[in-house]
Structures are given as C-alpha cells and as structure tokens.
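K.L.:
sequence plus the predicted model coming up.
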Amino acid sequence: MTDAAEPSIARGRTAALLRRLGLRGRTLVIAVPFLWLLVFFLIPFLVVAKISLSEAAIARPPYLPIWEWDGLRLLLTLNFENFTYLWSDALYVNAYFFSIRVAFVSALIALLVGYPMAYYIARSPEPRRTLLLTLVILPFWTSFLLRVYAWQGFLRSNGVINNFLIWAGIIDQPLVMLQTNGAVYVGIVYTYLPFMILPLYATLVKLEESLLEASADLGARPLATFFHVTLPLSMPGIIAGFMLVFIPAIGEFVIPELLGGPDTLMIGRVLWNEFFSNRDWPVASAVAIAMLVALVVPIMLLRSAQARAESD
Amino acid sequence: MSQPSSVASAKPWVSGEAAPFVRIVKVVKKFGDFTAVNDVSLDIYKGELFCLLGGSGCGKSTLLRMLAGFEEPTEGRIEIDGQDMAGIPPYERPTNMMFQSYALFPHMSVEKNVAYGLRRDGMGKAEAMERVGQMLAMVQLGKFAARKPHQLSGGQRQRVALARALVKRPKLLLLDEPLGALDKKLREETQFELIKIQETLGVTFIVVTHDQEEAMTLATRIGVMHAGEIVQVGEPSEIYEHPNSRFVADFIGSVNMFEGRVSEDEPEYIRIDSPEAGGEIHVGHGVTCTLNQKLWYAVRPEKLRLTRDRPQARNAFPVYVEDVAYMGNSSVFRLKLDTGKYMHAAKPNLTRYDEDAITWHENVWVSWDDTAGVVLTL
C-alpha cells in the first residue's frame, strides 16, 4: 500500500504545481498539436505572407526586405503590387478558375464513383468489409509518383488502352488521351478516390439497418428510401469526402504536370513556374496567399453553416 | 383487460365463425443451418391483440419480420386478409411495424417522421399534415411536432413511433418489444394506453415481447414460442392456469413442480406418488393417464397455504421456512420440504402489521386444494 501511495502523492504534487502554473492535463495534451501547427504551419505561412509583400530583386534570397532600421527610424515597405499584378494578368485568374473547376468536377466524379463503393463496403458482412477497405487503401502502399507515371503507360498513344482498342478492332487510329484535361481528371479521381470512400464509409456504416427497414415498411420504394433517408443521413460523409478531394486537388501540381497538356493551367503549376522558372518569389507567394484566402473563406462559411444546421 | 363486454363475438377463435385475418401456415425460416422458425401455424383474427411471447432467440422476432416482409419464409405460407404475401415487398404490404429501437428518422422532425408514410403514398401535404395533427393529438404529442427525435424523452419517442406506424391506418400493426425501452412505471401506464388505442382504432395488433407480464396485460391471446416453435396458444388466463407443458408452466410466472408416478387412477381423481414431495399428491379431477405413468404436477405459489397446525387438506406437507422475501404487496416464502426439495409460496400482505406472521426458521405446514394444480405430461 505504501509503495503505491508514495508515487501518487508525488504525482499529486506535480499536478498541483502544474495547476498553479495554469496548466492542466487537458491543456497539455492540446498544446502539443497546437505548438506543432504554430511552428510548422503558422510561422511558415507568415514568412510566405511577408515575402508576398516584398519586392522582387536579383539577389539571394531573390526579394528585398520589407523593413529597414537606419538607426533612428523603422522603414516599412509593403509592396501590394504582387497582388494587383495577379488581377491584371488573366493567366492567374484563369488558372484559379480552371483549378477550382477541375477540383470541383473531380470531387463530383469521385463522389459518384465512391458512393456506391462505400455503400457496398458498409453493407458487406464484417470479414469482407475489412478486406475491401484494405483494398481501397492498398494503392497508398506504392509511391504516388509511380502510380501517376503508370497512368502515362495506360493513356499513351501506344499505351495499354490504345493497344487494346486497336487489337480489338474498335479503333484504327490511337486516341489522344495523354496530355489532355481528361487525363488530369482521371489522374485526380484515381488518386483521391480513397479520401472520398473512407469518410463516406464511416458515415454509411453507422446508418442503422432498421431506418431503411422502417422506410420500406412505411411504403418507400428503394429509390425513395435512398433519397429520403440514406442520402440525407450520409451528408456529413459527403461533405467531408468532397472537401478531402476538392481542397488538395486545387493545388495539385504533379498530376497536371505529368498527365495534363500545355493548356492545363492549374494554380499549382503556375506556382511552380513562378518559384523555379521565373524565380519571382514575391509573386509566387502572392499566388499562394491569394489561393489560401480564396479557399479558406468559403470553407469556413460552409463549416459554420454546417455547425448551425447540426445544432438545430 | 382488453376483453370487450360481448364475450361471444369478441372471441372469434372460440366460435370459429369468422375467417382468420392473418394465417400463418407451416412456416419455416432457416438462416444457413440454423432454423429460426420451425413449422409454425397460427391463425389470428381481426381486432385481436395477439402477443408472441418467448425468450430471446426463440424466433418470435423473425416471425414478425416475415409478416412485415423483411424476411421471406423458407417454407410455408403467410396470408394477410386473404392475400398470399409471398414475394410482396414490405412497401406494398398492408402492415406497418413499430420497431424495438423505434427507428425514428433522426434528421426529420416529429411531424415529418409521422408524415413520412403518407407522403410516400403520394398524399398531398395539406391532407397529410391534417392526419399527422390528429395522430399526434391522439398520442398527446401535439406540442412536440417541430422537435427532432433526439430532443424527446424515451416515452415520447415511443409515442412518435406508434403514431408513425398507425397514421397509415394499416390493417395489421406489428410491434416489436414496443415497451421494452421504457422504465417500469411508464411501461405500465403505456400498456393501458396501447390497449385503448387498439380498441379505438380496431386495428389488429401483433406484439412481440419477452415480458410475460406485458403479454398478460395486453393480449387477447398469447402464443408462447420456444426454440422456433409455438408451444401453446391461448388466452392469458388459459396459459397461466392451464399450461400444456412444463416449459409453459415454468416460463409464465413461477411454479412449484413435482415429478411423480400415477399411483391411483380413478375417473373422479388421481393420486400421484412423488418421492420429490415426500408423499402422495391428490388431484381432484380425472386425468387421461395410465397407472404408474411418469408425469409432473405444477402448482403456483399463490395457491399454497401456510399454517402452523396440520390442516385438513389432502395435500399437506411439513416444511421449514428458510427465507422470506418481502415484496411489498406480498411476501414470498422459500420452503424446504423434508425431502430437501425447495418450494415457493406467496402470501398477500393484507394487513400492515401482523405480529403473528409466519417467519424465518419456523416449521409449518404447506397445503393446497385438490384442484389448485395442473398435471403435465410433457
């Protein structure tokens, strides 16, 4: 008894000390991820924000500092030209809208493809469910780059698909599939499909069978049951899955670079070009900041609308 | 409780005049190797409140689900109102079901939940809402129409589920443990409400329950199920006073059971020699049996008398009071016979103070009338 009691007294003392410092167990647990986000997200973000307000220069690093101290005065030079420049050149605006369009359509296709899959998995008996989920996650075990390269092999003019279609006699000229927007859609939907399926599965598996039975019992045909019960109740999963595909797809660089054509101007590629080809860090940073603002604001609005709907 | 005044017409299963409303004919349901329902035949009449009573896994819920159309019988036939139900999906059956978990749609208000069935049948919004309003008034939930199910108490949810199942005016209402999720007090109140609603609307109810008290209170007739089979069908008093097997006698209420052999077999009485009881038991009526046949005698605890002096009754045995359980309205005595067998006797507590009450560690006599018990051969 005494052996066990002593450490607990010591622990009690530590806890009391921490409490006096205003720290409790819960605060400490939350503090760790918060610190992580602070150091590795917020601070880099502020650095990028700072660069976006500076002037480009042929120097190392390739921009001018935004403040100077001449011994008496602090001179702050904020250059908003990078942002106004984004508006003036149609390239950027077009790239934004095109990125949003590609991401939106891809998320929609992923939803249409992923929903039946998630539904089927959720309604499968237990051992098969685990197997099917493993299969959904399996592609992550190979490199993302490798998988996108593999799609080149499929879509090329002498690739697997064209060869098969010619062999089957369906076409006699190879179809142009690689380096088109279509290939980008295929790549994005393929890559992000698991991110759609998993949250959908998580909500659908919680859907009680008795609710579907109650609906049928009250006279609803299967399709009516789907639209009145299943679909509304899986809305949280739909929104989560849509966001998980839509948001990263907007900034996607690798897929449009490897599968897209020269006219596939997505914001990720523009960003890459500004940074590495033009070495214009301030404009590249402005592109990044503008994209973030353009995305975060609607998402936050959506979130608060969701929260309000839930609290009803 | 639920028997209306004109007894003759209210008991179609006795008169045999009316055609049964629900006919279950030799129904078998198998899940793989497991036989959930085994060769069940049952006739249920219009306006009945029929209870399927049995322990968990006895097949009562499976039978109910076959009536609703969620399961198809492996063999046999189900007819509702003269129509064969084979291959008819749940959404085309003239039945509605009240689920054990209530299965209320969590994303819809009370009003929308109740209106769901009407709307799916293509009823206009105004008309549907009027019907919903009437229904909610009947279950006293008018004020809660706009609430979501999670904002209601268990009892209120139960009423919503009932209203939703009744609003389409089904010919047959199936209730799966309708009161199972309510606490005891609320359950007792709701039982009578359920009977009142059933009598007002004249809908045929089939109730599945594992609670024998609930079945006794609600039912016009009870079907006792065990291991996928119906073991006895009858009115509550019939099931209680005339069980046809040891299983039913034991399942419904508590019972003292003695094994024995027929030692005297006369047209007017029989005597059973029971080594368990430590003597002969006198049965005051004729029984179809043969001499020396092995059978069982069952007598309910409330039919027993306890006295300090040796009583006049033919069935009297000396016992030792080992325990007394005070239940409020009655006391249950745990008695030990000379043979070592235990019995239970229940005595109503008719007065508040009884100085002379039989109590712990007394040697007394237990006795009962010649007609107090039943002879069971199964």
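P.N.:
Perfect, thanks for sending it.

K.L.:
ok so residue B:298 is a helix residue?
P.N.:
No: the assignment for residue B:298, made by DSSP: H, G, I helix; E, B strand; the rest coil, is strand rather than a helix.

K.L.:
got the contact list for it?
P.N.:
The contact partners of residue B:298, by CB atoms under 8 Å, 6 or more residues apart in numbering or on different chains, come to B:243, B:246, B:249, B:255, B:256, B:257, B:258, B:373, B:374, B:375, B:376. For every residue, glycine as well, the C-beta is placed using N, CA and C.

K.L.:
mind putting those residues in a markdown table, distance to chain A, secondary structure and neighbour count included?
P.N.:
What follows is the contacts of residue B:298, written out as a markdown table (distance: CB to the nearest CB, whole Å; DSSP: H, G, I helix; E, B strand; the rest coil; neighbours: other CB atoms under 10 Å in any protein chain shown):
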| residue | distance to chain A | secondary structure | neighbour count |
| --- | --- | --- | --- |
| B:243 | 34 | coil | 25 |
| B:246 | 36 | helix | 17 |
| B:249 | 35 | helix | 26 |
| B:255 | 36 | coil | 22 |
| B:256 | 41 | strand | 23 |
| B:257 | 39 | strand | 16 |
| B:258 | 45 | strand | 22 |
| B:373 | 44 | coil | 25 |
| B:374 | 40 | strand | 18 |
| B:375 | 44 | strand | 18 |
| B:376 | 39 | strand | 20 |
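
K.L.:
just give me the closest of the residues you listed to residue B:362.
P.N.:
Nearest to residue B:362 among the contacts of residue B:298, counting by CB to CB, is residue B:256 at 18.8 Å.

K.L.:
and the closest one, how far from residue B:303?
P.N.:
9 Å (CB to CB, to the nearest Å).

K.L.:
hang on, the earlier thing: farthest-apart pair in the contacts of residue B:298, please.
P.N.:
Most distant of these, by CB to CB, are B:243 and B:258, 14.6 Å apart.

K.L.:
circling back to that earlier point, identify, from the contacts of residue B:298, the entry nearest to residue B:93.
P.N.:
residue B:243 (33.8 Å).

K.L.:
might you report the residue contacts of the closest one?
P.N.:
Contact partners of residue B:243, counting by CB under 8 Å, 6+ apart, are B:232, B:249, B:252, B:298, B:374, B:376.

K.L.:
now with 7 Å, please.
P.N.:
Contacts of residue B:243 were listed using CB atoms under 7 Å, 6 or more residues apart in numbering or on different chains, and they are B:232, B:249, B:252, B:298, B:374.

K.L.:
what do you get for residue A:201?
P.N.:
A:118, A:121, A:122, A:133 are the contacts of residue A:201 under CB under 7 Å, 6+ apart.

K.L.:
ok, the second one - how many residues close by?
P.N.:
In other words, residue A:121. Counted with other CB atoms under 10 Å in any protein chain shown, the neighbours of residue A:121 add up to 22.

K.L.:
mind listing what it touches?
P.N.:
Taking CB under 7 Å, 6+ apart as the criterion, residue A:121 is in contact with A:129, A:132, A:133, A:201.

K.L.:
kindly report the same for the third one.
P.N.:
If a contact means CB under 7 Å, 6+ apart, then residue A:122 has A:201, A:204, A:205 as its contacts.

K.L.:
keep only those of those that are in helices.
P.N.:
Mapping the contacts of residue A:122 onto helices (DSSP state H) picks out A:201, A:204.

K.L.:
just the contacts of residue A:122 now: which is nearest residue A:211?
P.N.:
For the contacts of residue A:122, the closest approach to residue A:211 (CB to CB) belongs to residue A:204, at 11.8 Å.

K.L.:
excluding chain neighbours, what is closest to that closest one?
P.N.:
residue A:122 (3.8 Å; CB to CB, 6 or more residues apart in numbering or on different chains).

K.L.:
separation between the one you found and chain B?
P.N.:
Distance from residue A:122 to chain B, counting by CB to the nearest CB, to the nearest Å: 17 Å.

K.L.:
tell me where the stretch 151-300 of chain A has helices.
P.N.:
Ranges of helices within the stretch 151-300 of chain A are A:160-167, A:181-204, A:209-217, A:222-225, A:231-233, A:235-250, A:254-259, A:267-272, A:281-311, based on DSSP state H, counting those that start in this stretch.

K.L.:
who are the packing partners of the last one?
P.N.:
In this case it means helix A:281-311. Applying 3 or more CB pairs under 7 Å, 6 or more residues apart in numbering or on different chains; DSSP states H and E, one finds that helix A:281-311 contacts helix A:43-52, helix A:81-88, helix A:90-122, helix A:235-250, helix A:267-272.

K.L.:
quick one: buried residues of stretch B:36-46?
P.N.:
B:36, B:37, B:38, B:40, B:42, B:43, B:44, B:45, B:46 (16 or more other CB atoms under 10 Å in any protein chain shown).

K.L.:
now secondary structure too, for those residues, in JSON lines please.
P.N.:
As requested, the buried residues of stretch B:36-46 are exported to JSON lines (three-state DSSP):
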{"residue": "B:36", "secondary structure": "strand"}
{"residue": "B:37", "secondary structure": "strand"}
{"residue": "B:38", "secondary structure": "strand"}
{"residue": "B:40", "secondary structure": "strand"}
{"residue": "B:42", "secondary structure": "strand"}
{"residue": "B:43", "secondary structure": "strand"}
{"residue": "B:44", "secondary structure": "strand"}
{"residue": "B:45", "secondary structure": "coil"}
{"residue": "B:46", "secondary structure": "coil"}
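
K.L.:
which among these gets closest to chain A?
P.N.:
Checking those against chain A with CB to the nearest CB, the nearest one is residue B:36 at 16.9 Å.

K.L.:
now do the contacts for the closest one.
P.N.:
B:29, B:30, B:59, B:62, B:228.

K.L.:
ok, and the closest non-adjacent residue to residue A:250?
P.N.:
Nearest to residue A:250 is residue A:103, by CB to CB, 6+ apart, at 4.4 Å.

K.L.:
so the one you found touches residue A:243, yeah?
P.N.:
No: contact criterion CB atoms under 7 Å: residue A:103 and residue A:243 do not qualify, at 10.4 Å.
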